[in-house]
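Enquirer: What follows is a predicted structure for the sequence shown.
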Amino acid sequence: MILSLVAKRLALGVLTLWLVSLLIFAITEILPGDVATAILGQAATPETVAAIRNQLGLNEPAWWRYLQWLTGAIQGDFGISLANQRPVAPQILGRLENTLFLASVAAVIAVPLAISLGLIAAIKQHSLLDRTISLTTLASISVPEFFIAYLLIFFLAVQAGWFPSMARFDADMGFLEQLGVIVLPALTLVLVVLAHMMRMTRATVLNVMAQPFVEMAELKGVPKWRIVVQHALPNALAPIINVVALNLAYLVVGVIVVEVVFVYPGLGQFMVDAVARRDIPTVQACGLIFAAVYVTLNMLADIGAILANPRLRHPR
Amino acid sequence: MSAATPSKSGPLLTMRGLHIEATGFDGHPIIIVDGIDLDLERGQVLGLIGESGAGKSTIALAAMGYTRGGARITGGDIVFDGRNVLEMPYHQRRKLRGDRISYVAQSAAASFNPAKTLMHQIIEAPVLHGVMSAEEASQRAVDLFHRLKVPDPDTFGRRYPHQVSGGQLQRAMTAMAMVCEPDVLILDEPTTALDVTTQIEVLAAVRDVMREFGTAGLYITHDLAVVAQISDRIMVLRDGRTVEVGETQQILEAPRETYTRDLVAARRFHVKAGEGGSETPQALLEARGIDAGYGSVKVLKGVDVAVHPRETVAVVGESGSGKSTLARVVTGLLPPTRGQVLFQGEALPPALGQRSREQLRRIQMIYQMPDVALNPRHRVYDTLARPLQFYHGLRGKELREEVNRLLDDIELGGDYAQRFPGELSGGQKQRVCIARALAARPDVVICDEPTSALDQLVAESILELLQRLQDERGLAYLFITHDLGLVKAIADRVVVMKSGEVVQQGPKAEVFSPPAHPYTELLLASVPEMRVDWLDDVLETRAGQELAER
């Protein structure tokens, strides 16, 4: 039963990705303006435009170009960049690594911190500590991320001078040096995603705490922290997993603003540049990768939620 | 365990002048327990009886120094084994719980953590309190499983709560409470959620284990007949005060207070006199050869039931027998996979959506839980006006008058029209539900356990109301219940169901007079009787039967 449920989620994930690929292709297809004209700029004569169109295969029917693009993408070949005539895949790879590095650092800090804070707030419900945690996280979620970023730059980089304000990131740096460079963008991201996960943890745990089996544990003389960790948390996992996955996806997909503020060479900024240059193959590739990350994380969350359900894990 | 027991003499638990208050929504204090004195000797069982809101559970939980959300102990003393519980710091109270005093809740299904195995939860308290190691505790648990007659006792603990039945879960919870060999066991309606046949087994198992270990108990229930089987003394409570305390025998046979006398009498309904209903050849409502189920699960198998005008047909059976599914098929909520439902000889469309307004009007329903059967945001007036507009197109003055007439009919009166369900008691809500069904002016009303969520005396008044409405309006009832005492009182004809099949049906006198079908016999014998030695008698008879069968 559980296997078929998991298989169903996997199939749904693949289906979603395929639909997204259709959507991405269709949108780039109906973008106004002609690629060939854009490339040639001032030098566009009817003859050169026709030649370029021919060279790019733009005269083929759309479904044929879609099929070629999709089969290429599945094999990791995203075509040739229109901006610099080099293959798209290797250029993206480096940027993707940078983005994933920043996202992982933020996630490694944010996820355990958010869940612990949520649990502490639940254990000490209505206390000063609970209110402080809730209020600060609410404040951090209410402020736009670029504003947090500029605040951090102002206080920690300009005033205190502890960290660089620009994340001049380079793959050749040592690991520790890399970490030092991305402290501020990572901290910004942590503050942005912390509140959502923490509040969800607190709310679901408190919800479970109202169940009779929690009263039973209390009447067995189980201490409060153990009730929360042993009895409430395992039954609150499914919603927590979902909100964690959403935030992880945001760390990869939604960090464009933070990348711009800190001039961080990530994939988001790369995609925005490509849009400006009308570099369609690069835009398509970035879009597909972002979609894949998003769909995969959510699919994993769904599967995680299924596995967290004891009724499904241990059928009658 | 009893290593640290300072005194072996004197009462084990005493309460003096106990006051417990909660804060209401408007900020005013609500008195839940109002000056209770209680004494519990070692090895004795004290029954706490009363209707919901009498303060039974609150008093018993206070013995562990525990109060439920928002309530607090505002006065009095609780002395357990020579020490004042209320003066203990939190960590000492915690040590008491699950070790010296333990708790068995009403709903075992809700009281076990669904994510952990039974054994994990049973040995949690002894290991945590440092009473024994995990291995010792597991061994004790298995020993208790044997004593409580759980199937496969050696491997039972490895299961998860959703993998065992309600009766087994209730035993597992008793094992969980007994594993530290507590001095006091608090039993909070431990058999109320079980079927009558299971109730006997669990009751007997719990009683035997308590006697064996000499455990004292506070047994909370609203069912006097059940508590009589296990208690040495009984304390009758009402609105947080003691009505009467006495030996079990005395309370049952010579109650001093009027309220106690009412409780004792409540089980003896005014039995419906004649065989009501008319045996016309044409049935009003008939279900023929019904098969129905949910997905691949077959619930009903070839069920035939007929209801004639002005009669009450009771459908009885244990949970899982398909009673409520039958109601869903008749009302069209669940189209059957085979068979059909006929109204006055004409086949009704199987699904609700295909039935005409007139067909819908003639079959109405009353539910088990009045709390959830009413829209909490609709005033009583809106709830009753809706069917009057929908079925009869009433409006304006006529509509208002009809709503008032309905409210008079259910003995509430027009003042109640502007109230919200939250401002009504359980019994009043059920009356509104009855009025809503009446508003359609139906021929048949399907009553799905309409009194089982209500206190005894309230239930009785609801039954009287239903009876009067039947006499006045010539209604027919399809009455679904698990309570055979009720069936004896109100039914004209009885349908006994077991695992989705009709085991026996016929006029009440016929079904209940010997020789009845063995399953009917079992159900009948399982209804607790208001005498002290009933459980012993039943167990003796059964043991005798088993011997004879070998």
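Expert: Structure's in. What do you need?

Enquirer: For residue B:549, the count of nearby residues, please.
Expert: By the criterion of other C-beta atoms under 10 Å in any protein chain shown, residue B:549 has 6 neighbours. For glycine as for every other residue, the C-beta is placed from the backbone atoms N, C-alpha and C.

Enquirer: One more: residue B:166?
Expert: Counted by other C-beta under 10 Å, the residues lying close to residue B:166 total 17.

Enquirer: and stretch B:213-223, does that touch chain A?
Expert: No - counting by C-beta under 8 Å from any C-beta of the partner chain, chain A has no neighbours in stretch B:213-223; the shortest distance is 13.1 Å.

Enquirer: what's next to that stretch, contact-wise?
Expert: B:12-13, B:40-52, B:56-57, B:60, B:63, B:178, B:181-189, B:192, B:209-210, B:227, B:230-231, B:455-456, B:528 (C-beta atoms under 8 Å, 6 or more residues apart in numbering or on different chains).

Enquirer: centre of the chain versus that stretch, how much separation?
Expert: Here stretch B:213-223 is found 17 Å from its chain centre; the criterion is C-alpha atoms, centre = their mean, to the nearest Å.

Enquirer: ok, and for it, which residues are buried?
Expert: B:215-223 (16 or more other C-beta atoms under 10 Å in any protein chain shown).

Enquirer: Quick check, residue B:289 in contact with residue B:341.
Expert: No - using C-beta atoms under 8 Å, residue B:289 is not in contact with residue B:341; the gap is 10.6 Å.

Enquirer: between those two, which one's more packed in?
Expert: For residue B:289 versus residue B:341, neighbours defined as other C-beta under 10 Å are more numerous around residue B:341 (22 against 13).

Enquirer: List the contacts of the more buried one.
Expert: Contacts of residue B:341 (C-beta under 8 Å, 6+ apart): B:285-288, B:290, B:329-330, B:332, B:347-348, B:350.

Enquirer: before we move on, what SS does the residue lying farthest from the centre of chain A have?
Expert: Going by C-alpha atoms, centre = their mean, the residue of chain A most distant from its centre is residue A:47, 44.1 Å out. Taking DSSP: H, G, I helix; E, B strand; the rest coil as the rule, one finds residue A:47 in the helix state.

Enquirer: In strands, which of the contacts of stretch B:213-223 appear?
Expert: With strands defined by DSSP state E, the entries of the contacts of stretch B:213-223 inside them are B:13, B:40, B:45-49, B:184-188.

Enquirer: one step back: what's the farthest-apart pair in the buried residues of stretch B:213-223?
Expert: B:215 and B:222 (22.7 Å; C-beta to C-beta).

Enquirer: quick one: the helix or strand hosting residue A:132 to chain centroid distance?
Expert: Under the criterion DSSP states H and E, the helix or strand holding residue A:132 is helix A:128-142. Computed by C-alpha atoms, centre = their mean, the chain-centroid distance of helix A:128-142 equals 24 Å.

Enquirer: domains of the chain?
Expert: Defaulting to chain A. With domains defined by automatic domain parsing, chain A comprises A:2-74, A:91-313.

Enquirer: that's the wrong chain, I meant chain B
Expert: According to automatic domain parsing, the ranges for chain B are B:2-266, B:285-519.

Enquirer: Put together JSON lines for these, with distance to residue A:213 on each row.
Expert: What follows is the domains of chain B, written out as JSON lines (distance: least, C-beta to C-beta, whole Å):
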{"stretch": "domain B:2-266", "distance to residue A:213": "5"}
{"stretch": "domain B:285-519", "distance to residue A:213": "21"}
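
Enquirer: Nearest to residue A:218 among these would be which one?
Expert: Closest among the domains of chain B, using C-beta to C-beta: domain B:2-266, at 7.1 Å.

Enquirer: what about the closest one, distance to the chain center?
Expert: 17 Å.

Enquirer: Quick check: pLDDT value at the residue nearest to the spatial centre of chain B.
Expert: Centroid check for chain B by C-alpha atoms, centre = their mean gives residue B:192 as the closest residue, at 4.6 Å. Note on residue B:192: pLDDT of 80.

Enquirer: Surely it is in contact with residue B:106?
Expert: Yes - the pair residue B:192 / residue B:106 is scored as a contact, 5.6 Å apart, by C-beta under 8 Å.

Enquirer: Which stretches in the stretch 101-250 of chain A count as strands?
Expert: Taking DSSP state E, counting those that start in this stretch as the test, none of the stretch 101-250 of chain A falls into strands.

Enquirer: Same question for the stretch 301-450 of chain B.
Expert: In the stretch 301-450 of chain B, the strands defined using DSSP E, counting those that start in this stretch lie at B:312-316, B:338-343, B:346-347, B:363-366, B:444-448.

Enquirer: so of those strands, which one's packed in deepest?
Expert: Neighbour counts (mean count of other C-beta atoms under 10 Å in any protein chain shown) averaged over each of the strands of the stretch 301-450 of chain B peak at strand B:312-316, with a mean of 26.

Enquirer: quick check: angle from that strand to strand B:444-448?
Expert: 30 degrees (axes from the mean of the first three to the mean of the last three C-alpha atoms, to 10 degrees).

Enquirer: pretty sure residue B:209 contacts residue B:147?
Expert: Yes - in this structure residue B:209 lies within contact range of residue B:147 using C-beta under 8 Å: 5.5 Å.

Enquirer: show me what contacts residue B:393?
Expert: Listed by C-beta under 8 Å, 6+ apart, the contact set of residue B:393 is empty.

Enquirer: Pull up the residues of chain A that are close to chain B.
Expert: So far as C-beta under 8 Å from any C-beta goes, chain A lies against chain B at A:211-213, A:215-223, A:226, A:230-231, A:234-235, A:310-311, A:314, A:316.

Enquirer: tell me, how many neighbours does residue 79 end up with?
Expert: Chain wasn't specified; assuming chain A. For residue A:79, using other C-beta under 10 Å, the count is 19.

Enquirer: that's the wrong chain, I wanted chain B
Expert: Using other C-beta under 10 Å: residue B:79 sits among 17 other residues.

Enquirer: how about the residues of chain B that lie near chain A?
Expert: B:61, B:64, B:66, B:68, B:94-99, B:102-103, B:105, B:107, B:110-116, B:124-125, B:128-129, B:159-160, B:162-163, B:176.
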